[in-house]
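Build me a structure from this.
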Amino acid sequence: MKTIALSANTSWYLFNFRKSTINTLISRGYKVLILAPKDDYSQKLINIGCDFKEIPFARGLSPLSDLLCLVKIFFLFRRRNIDCVCNFTPKSNIFCSMIAKILNVKYINNISGLGFVFTKNILLRYVVFALYKFSQSKASMVFFQNESDLNQFLKRKIVNKNNSKRIFGSGVNLEVFKYSQKKKNDA
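You can find the predicted model right below:
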């Protein structure tokens, strides 16, 4: 049985936005391994048939925590027979991709936005672009939800036209997340 790993910075994200994908993978005979910090949704992912491994993707900047996270991912990938990893949030896009690249595991990334790091500190922006350049060079595919992010990555030769594509949205299940119009207050 092939194993597909999905990684993100919260179990909540994977349960709420990738549950349909997870159910489809399981129904097609794949083993689904979740890589995320433990939260109230981790058990829900286990209950629908996933294997769960806690990965401490710390928010913010913490070099020691980030290094420990990379080490944990490395040893997890070495112990498990992962056929492909799909990453959905910035640190998982970089960290899991770096380890997958080193260990020759197929990986696919979804970049929904580059985040605050690209609007604030110029040095930090340079470091993050360097990490993306290293980590994305062997990606099977990198999906972008923002045309300017895709263009930025193409311009910097982080991805190329063969392994990158613009998609229109996250694939949110509209049966679960229904549109509702806000009512105006009559004050």
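
count of neighbours near Ser137?
Taking other CB atoms under 10 Å as the neighbour definition, Ser137 ends up with a count of 14. Just so you know, the C-beta spots here come from the backbone N, C-alpha and C atoms, and that holds for glycine as well.

ok, it to Asn23 distance?
Counting by CB to CB, to the nearest Å, the separation of Ser137 from Asn23 is 32 Å.

What confidence value was assigned to the spatially closest residue to Asn160 that is not a sequence neighbour?
Using CB to CB, 6 or more residues apart in numbering and skipping residues adjacent in sequence, the residue nearest Asn160 is Leu154, 7.2 Å away. Leu154 is assigned a pLDDT of 96 by the prediction.

before we move on, which element is Leu154 in?
Under DSSP states H and E, the secondary-structure element containing Leu154 is helix 147-155.

Which is the succeeding secondary structure element to that helix?
Secondary structure here is assigned by DSSP H and E; on that basis, the next helix or strand after helix 147-155 toward the C-terminus is strand 164-166.

Quick check: buried residues in that next one?
Residues of strand 164-166 classed as buried: Ser164 (neighbour count, 16 or more other CB atoms under 10 Å).

Parallel or antiparallel, list what pairs with that strand.
For strand 164-166, the pairing partners within the sheet under DSSP bridges are strand 141-144 (parallel).

For the protein, give me the ranges with low pLDDT.
115-120, 170-173, 177, 183-187 (pLDDT under 70).

in it, which spans are strands?
According to DSSP state E, the chain carries its strands in the segments 3-7, 31-36, 51-54, 84-87, 106-111, 141-144, 164-166.

Done for today, thanks.
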